[in-house]
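Visitor: Structure, please.
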Amino acid sequence: MTLARPLAALMLAAGCLSKPSFDCPVAPGPAQTEPGIGSTGGVPLGSADCGNRSLVGLGFTLTRETIPSQRTVITATLRCATVSYRGRYETGATEDVQVPGGSEQAVDGPFFGDCPGGHVVTGLAAHLVGNGGRFNSVVVTCAALDLRGTPVGDVTEIPVIATGSETPQVSADCRADEELHGFEATGGRELDRVALRCAQPSCKP
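Guide: Next up is the predicted model:
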């Protein structure tokens, strides 16, 4: 008994008891702009991304219309978190990052679609409203990660229910080895377009 406590303290100090044998956060690489969703109208509003964290969910505000099918997206929000491997991938505490958006003030939301734990966002789909490229009925696509931190396998589709129930007509996705990291926005009173900022993530123990 006299040796057990000093030995346990030594093991804790060395990290043997407190840290798994394989523990790494997913780190996004440099982002590049990919195709997006929306029209070519509006003016550049700026961009936002998750920095050194992963994108694990998306939120949107919409116009306060009485006809649900006519509601359109005004702003987007990134839900960012550290995703780490500790025997399995886990999502840490989240922080919401606002994307520059439309100036319309009569809005509802934001309404969010969140990936399952340990998954990351890889793209989105939406329904176009009218001929102007405005959109609603957003679906977020998420993917699991392999041991290298690369998106792998089939995607999971997460409808953002309160944004509408119309069938998506258009989609935009990062390449197979990339995750969505942020948006470049174009708009005026409304959000006309979001261009995807995609990055290759990696997980190195």
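
Visitor: What strands line up against the helix or strand that contains residue 61, and which way round?
Guide: Taking DSSP states H and E as the definition, one finds residue 61 inside strand 54-63. Using DSSP bridges, strand 54-63 pairs in its sheet with strand 73-86 (antiparallel), strand 107-114 (antiparallel).

Visitor: can you tell which of those strands is closest to residue 184?
Guide: strand 73-86 (10.8 Å; Cβ to Cβ). No exception for glycine: its C-beta is placed from N, CA and C like everyone else's.

Visitor: counting contacts, what elements does the helix or strand following the closest one pack onto?
Guide: Counting by DSSP H and E, the next helix or strand C-terminal to strand 73-86 is strand 89-99. Counting contacts by 3 or more Cβ pairs under 8 Å, 6 or more residues apart in numbering; DSSP states H and E, strand 89-99 packs against strand 43-49, strand 54-63, strand 73-86, strand 179-187.

Visitor: Could you measure from residue 123 over to residue 130?
Guide: 23 Å (Cβ to Cβ, to the nearest Å).

Visitor: buried sites along stretch 83-90?
Guide: Residues 83-85, 89 are the ones in stretch 83-90 that count as buried (16 or more other Cβ atoms under 10 Å).

Visitor: average pLDDT for the strand holding residue 61?
Guide: The average pLDDT within strand 54-63 is 97.
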